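S.K.: model this:
(chains A and B, ligands or ions: 1)
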Amino acid sequence: MSVEPFNRLVKLAARAFYDDITTKGDNQPKTGRSDNRGIAVVVLDALTRRQWVREEDLAKDLKLHSKQLRRTLRFFEEEKLVTRDHRKETAKGAKVYSAAVAATGDGLHTGRDGDDKIKLHTHSYCCLDYSQIYDVVRYRLHRMKKKLKDELENKNTVQEYVCPNCGKRYNALDALRLVSPEDEYFHCESCNGELVAESDKLATQENGDGDDNARRRRRDKLKDMLQKMEEQLKPLMDQLGRVKDLAVPEFGSLQAWEVRANAAARAANGDSGSTDPSKSSQGLGFGGTPMPFVGETKVEVAFSGIEEKGEAIKLESGNSPMKILPPWLIKQGMNLTKEQRGEVKQEAKMEGTSSTVDVSDEKKLTGEKDDVKNLQDEYVKAYYAALLVKQRDQEEAAKREQELSNRNISDSVYDTSSERQVGMKSKREDVDEGVDDVEWEEATPAGNTGESSKVHDLNVQADALEDDEDDIDWEEG
Amino acid sequence: MFFHIVLERNMQLHPRHFGRDLRDKLVAKLMKDVEGTCSGRHGFVVAITGIESVGKGLIRDGTGFVTFPVKYQCVVFRPFKGEISEAVVTMVNKMGFFAEAGPVQIFVSNHLIPDDMEFQSGDIPNYTTSDGSVKIQKDSEVRLKIIGTRVDATEIFCIGTIKDDFLGVISDPGATS
Ligand SMILES: [Zn+2]
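M.R.: Next up is the predicted model:
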């Protein structure tokens, strides 16, 4: 389930359509201070970084008044971008929550929730509805285009007719009265003159009266608008095209999602060896509903145990390089980009992610899996250590190689390209480290060290040929 | 669009009908009076489907006629702007063509016929595409979109378009004949 392209879609749509949306009560005065344009975009962006989220928590994160946020969310609910769920936090849910708080030993919270008289409050949750967003955005674009085009082609206008003799005007709704039995034209009721359709008349009088000019100006304006729309919304349309064949991320209803998220959180926390509910509730602020983030971020909670806010920031920083990824990378399944993101954070995230996903599926096996995970962690450590050593070796080899190829250059009289080929050949044949090099590169995509390998390549003075190979590797991956 | 609604009407009945089958006479008269009429508000009354209630009759002074308030269920047909409707072409001329959807007359002017259809005069005037594959003539069945209605107290007239996706001829009598 790759959320990233869909998030990009949401962000683009937010900026295209909801940039200047103000959500305020009608009775409020429109002063400069209460101008809250842009909030809509901020809220949507924030939602792309979350799944189901309690609206109070979201308000707190965004430093918004919950009323204001609710108004915005209600607007988005009407716009069909967001699904919301309201429910009374049951006594049971509160109990689970207070148990969790007690386990954490957090005095601050226990003081408040310790007493049994917990009021039933209605809490609202919200979540982006990606599949619906996709449809809504497409429909909106379609309607925009159709409206402009219809106007342009005068599609839904009522045809008007004029009598050239007496100037009496009729329109198509009078048609029944105007037909004559003799011929196939409409005739004037008063003078029986043959009526002329208005648009024909205008077409013949090219530079006619002001009315005509106004009509033409309007036409030009419409055309202009249509063109501008095509231009300015192109990124959005491109993104729609990109997303078209991808599986839509589904979070399901709040209940279903909660069950899943809890399982995942438990699995993740089991890894770090502490009691799960405490961990989840601590990381997630307050409330019995944890808000784990998408995919790999979930793992991050387990690994570092940092707070939600820092995590959000980290996620953002993790996301930002995604935006500038070249399209050919985005296009082929998001596996790749995920890998890349994991890579940026240079931890054993990949391994972690895959195993957590497994665990969340079958939570009974947590204990076993933990062992497996520890094993994996250790393996990863060892692997990286080995890699490091190898890398160092290779740097040395590279130096040697460079010298070698330099010698080749001085020896040869070929032009640069062929000289390089010779250089490489000699590398492969003569220097046994060359063979090593090839092997190492094959391990690259799996080993998750693409970047370092690239840097290393540069050291080795990887020539055009080898770079090409690299590209192919990526595309196939 | 069709609606099943309840309407009310005051029926005047001649004293000669007062007898065992007064009610039957009343209903028969109601059907005769109402079915096929058009009111601007409700559209065309297609059929009466049932009698809700017949109120107490009031004898008119002088005439002896009795007025019964009758509530009845009926199916009405009311065209709306933007509605898609199927209609039979009744007349084709240079200005466009007329079609009927049940009791409703619809006019489609020539600028709301696709640009690739040309008017052909002759014995059977028609609109035909340049390759002759699609032809609109009398008795053709077309699907059209109503873009305007004129609702009078007793009459509804519509104008339509076939210049949009999935509109146009749905069966062509010329193709078989
Ligand atoms: Zn006239």
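
S.K.: use CA for all of it now, contacts and neighbours both
M.R.: Will do.

S.K.: Could you check which residue of chain B lies nearest the ion?
M.R.: In chain B, the residue that lies nearest the ion is B:Met95 (16.9 Å; CA to the ion).

S.K.: That residue contacts B:Phe107, correct?
M.R.: No - with contacts counted by CA atoms under 8 Å, B:Met95 stays clear of B:Phe107, the gap being 9.5 Å.

S.K.: sorry, back to before: backbone dihedrals for the residue of chain B closest to the ion, please?
M.R.: Main-chain dihedrals, B:Met95, degrees, to the nearest 10: phi -90, psi -10.

S.K.: same check, this time on the one 10 residues further on
M.R.: Note on B:Gln105: its backbone torsions stand at phi -90, psi 140 [degrees, to the nearest 10].

S.K.: Now do the same for B:Pro103: its pLDDT.
M.R.: pLDDT for B:Pro103: 88.

S.K.: do A:Lys369 as well
M.R.: A:Lys369 is given a pLDDT of 55.

S.K.: just the one 3 residues further on next, same as before
M.R.: In this prediction, A:Val372 carries a pLDDT score of 63.

S.K.: So the residue of chain A found nearest chain B: helix, strand or coil?
M.R.: Across chain A, no residue is closer to chain B than A:Glu184, which sits at 4.8 Å (CA to the nearest CA). Following DSSP: H, G, I helix; E, B strand; the rest coil, A:Glu184 is assigned to coil.

S.K.: so it sits right up against B:Lys94, yeah?
M.R.: Yes - with contact defined as CA under 8 Å, A:Glu184 counts as touching B:Lys94 (5.4 Å).

S.K.: Please identify every residue contacting each of the two.
M.R.: Shared contacts of A:Glu184 and B:Lys94, defined by CA atoms under 8 Å, 6 or more residues apart in numbering or on different chains, are absent.

S.K.: buried ones in stretch B:83-92?
M.R.: B:Ile84, B:Ser85, B:Glu86, B:Ala87, B:Val88, B:Val89, B:Thr90, B:Met91, B:Val92 (16 or more other CA atoms under 10 Å in any protein chain shown).

S.K.: Check stretch B:96-110 too.
M.R.: Neighbour-count burial for stretch B:96-110 [16+ other CA under 10 Å]: B:96-101, B:103-110.

S.K.: Please apply the same query to stretch A:64-82.
M.R.: Within stretch A:64-82, judged by 16+ other CA under 10 Å, the buried ones are A:66, A:68-77, A:80-82.

S.K.: And stretch B:44-51, by the same measure?
M.R.: Buried-residue list, stretch B:44-51, by 16+ other CA under 10 Å: B:Phe44, B:Val45, B:Val46, B:Ala47, B:Ile48, B:Ile51.

S.K.: Identify the residues contacting it?
M.R.: B:27, B:31, B:34-39, B:70-78, B:103.

S.K.: can you check stretch A:172-188 too?
M.R.: With CA under 8 Å, 6+ apart, stretch A:172-188 has contacts from A:158-161, A:163, A:168, A:189, A:193-195, B:93-95, B:107, B:109, B:148-150, B:157-159.

S.K.: now with 6 Å?
M.R.: A:Gln159, A:Gly193, A:Glu194, A:Leu195, B:Asn93, B:Lys94 (CA atoms under 6 Å, 6 or more residues apart in numbering or on different chains).

S.K.: what residue is smack in the middle of chain B?
M.R.: B:Pro103 (2.2 Å; CA atoms, centre = their mean).

S.K.: which among the contacts of stretch A:172-188 gets closest to A:Asp377?
M.R.: Checking the contacts of stretch A:172-188 against A:Asp377 by CA to CA gives A:Gln159 as the nearest, at 76.5 Å.

S.K.: So for A:Asn319, what's the pLDDT?
M.R.: The per-residue pLDDT of A:Asn319 was computed as 43.

S.K.: now the strands for the stretch 51-200 of chain A?
M.R.: A:53-54, A:82-88, A:122-128, A:160-162, A:169-171, A:196-197 (DSSP state E, counting those that start in this stretch).

S.K.: ugh, wrong one, I meant chain B
M.R.: Ranges of strands in chain B, per DSSP state E, are B:2-13, B:38-39, B:43-54, B:58-59, B:66-77, B:84-93, B:96-101, B:104-109, B:117-120, B:126-129, B:135-136, B:141-151, B:156-161, B:168-171.

S.K.: and of those strands, who's closest to A:Thr22?
M.R.: strand B:141-151 (34.0 Å).

S.K.: name the helices or strands packed onto the closest one?
M.R.: Secondary-structure packing of strand B:141-151 (3 or more CA pairs under 6 Å, 6 or more residues apart in numbering or on different chains; DSSP states H and E): strand B:84-93, strand B:156-161, strand B:168-171.

S.K.: Neighbouring strands - and their directions - for it?
M.R.: strand B:84-93 (antiparallel), strand B:156-161 (antiparallel), strand B:168-171 (antiparallel) (DSSP bridges).

S.K.: Mean pLDDT for these - can I get that in a markdown table?
M.R.: Converted to a markdown table, the strands paired with strand B:141-151 look like this (pLDDT from 0 to 100):
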| stretch | mean pLDDT |
| --- | --- |
| strand B:84-93 | 93 |
| strand B:156-161 | 92 |
| strand B:168-171 | 87 |
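
S.K.: Keep only the contacts of stretch B:44-51 that also lie close to chain A.
M.R.: With the criterion set as CA under 6 Å from any CA of the partner chain, no member of the contacts of stretch B:44-51 is near chain A.

S.K.: hmm, which of these are the buried ones?
M.R.: Applying 16+ other CA under 10 Å to the contacts of stretch B:44-51 flags B:27, B:34-35, B:38-39, B:70-78, B:103 as buried.

S.K.: Understood, closing this out.
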